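Engineer: Predicted structure and sequence below. I'll ask about it afterward.
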Amino acid sequence: MFVTAKNILRKFSWRSTALYFLIFVLASFAGNLWMTRDQVQGDAPEIVAQSLTNSLYRQDFKQLKNSVLVYFFADWCPICKLQQSVIASIDEDVQVIAIAMQSGTVENVRQYVADNKIPYLVINDEHGKISAEYGVKGVPAAFIINPQGRIKYSTRGYATEVGLRSRVWLANVL
């Protein structure tokens with residue numbers, strides 16, 4: 001008997017498919033917990049940095065109207081490039097603060113933003129100070145901060161638009 005897709009599908013019942021799906025979800029959840037274990041929790045650290053327009057940018061998260069997405073990326077990160085369209089789409093409805101982690105000088109990051117037509121606010125973290133305050137050791141990383149200024153969710157690695165939007169929604173209502 002030849003191995004075909006039809007023969008393989010016959011062997012899978014809906015119960016075994018549900019079990020494999022559950023195992024996949026639990027493994028994904030456990031993996032995210034492991035990858036974000038060093039990332040800061042609780043009150044979101046204030047962001048104070050030089051903007052790409054050379055003005056001082058300050059964001060205190062204590063009094064917000066809605067949740068905010070703080071997104072860490074690097075210009076050398078291929079997964080971050082895939083994530084850009086998701087973040088740009090979310091930026092249409094949610095405030096996004098993007099931190100270019102150790103991506104070079106302000107001019108390097110400014111050129112990267114222009115070349116990639118990035119529409120959201122980008123702050124350069126040339127020396128990794130902001131990244132260290134947030135405990136970010138790998139990119140992409142995202143933090144969902146609720147209106148009370150608390151980090152409700154954090155991720156590391158590629159995150160889907162549905163996943164990020166659902167976390168933003170939950171941060172606003174819970």
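Structural biologist: Sure, I can see it. A quick note: this is a predicted structure, and the numbers were derived from the prediction, not measured. Residues are numbered from 1 along each chain as shown.
Engineer: which ones are touching the residue nearest to L121 when sequence neighbours are not counted?
Structural biologist: Of all residues not flanking L121 in the chain, I97 sits nearest, at 5.5 Å (C-beta to C-beta, 6 or more residues apart in numbering). C-beta here means a position set from N, CA and C on the backbone, and glycine is covered the same way. When contacts are counted by C-beta atoms under 8 Å, 6 or more residues apart in numbering, I97 touches 47, 59, 68-71, 120-121, 123.
Engineer: Give me the pLDDT for I97.
Structural biologist: At I97, the model reports a pLDDT of 96.
Engineer: name the element it belongs to?
Structural biologist: Here I97 sits within strand 95-101, counting by DSSP states H and E.
Engineer: bridging residues for the residue nearest to L121?
Structural biologist: Beta bridges link I97 to V70, L121, judged by DSSP bridges.
Engineer: Pretty sure A171 sits against N146.
Structural biologist: Yes: contact criterion C-beta atoms under 8 Å: A171 and N146 qualify, at 4.3 Å.
Engineer: Residues in contact with both of these two, list them for me.
Structural biologist: 67, 152.
Engineer: okay, which residue is most central for the chain?
Structural biologist: Computing the C-alpha centroid of the chain and ranking residues by C-alpha atoms, centre = their mean puts A142 first, at 2.6 Å.
Engineer: Now do the SS call for that one.
Structural biologist: strand (DSSP: H, G, I helix; E, B strand; the rest coil).
Engineer: What separation do you get for it and A159?
Structural biologist: Going from A142 to A159 by C-beta to C-beta, to the nearest Å gives 6 Å.
Engineer: same deal with V96?
Structural biologist: 13 Å.
Engineer: V113 now?
Structural biologist: Taken as C-beta to C-beta, the span from V113 to A159 is 21 Å.
Engineer: surely C77 meets V139?
Structural biologist: Yes: applying C-beta under 8 Å, one finds C77 in contact with V139, separated by 5.0 Å.
Engineer: between the two, which one's more packed in?
Structural biologist: V139 (23 against 16; other C-beta atoms under 10 Å).
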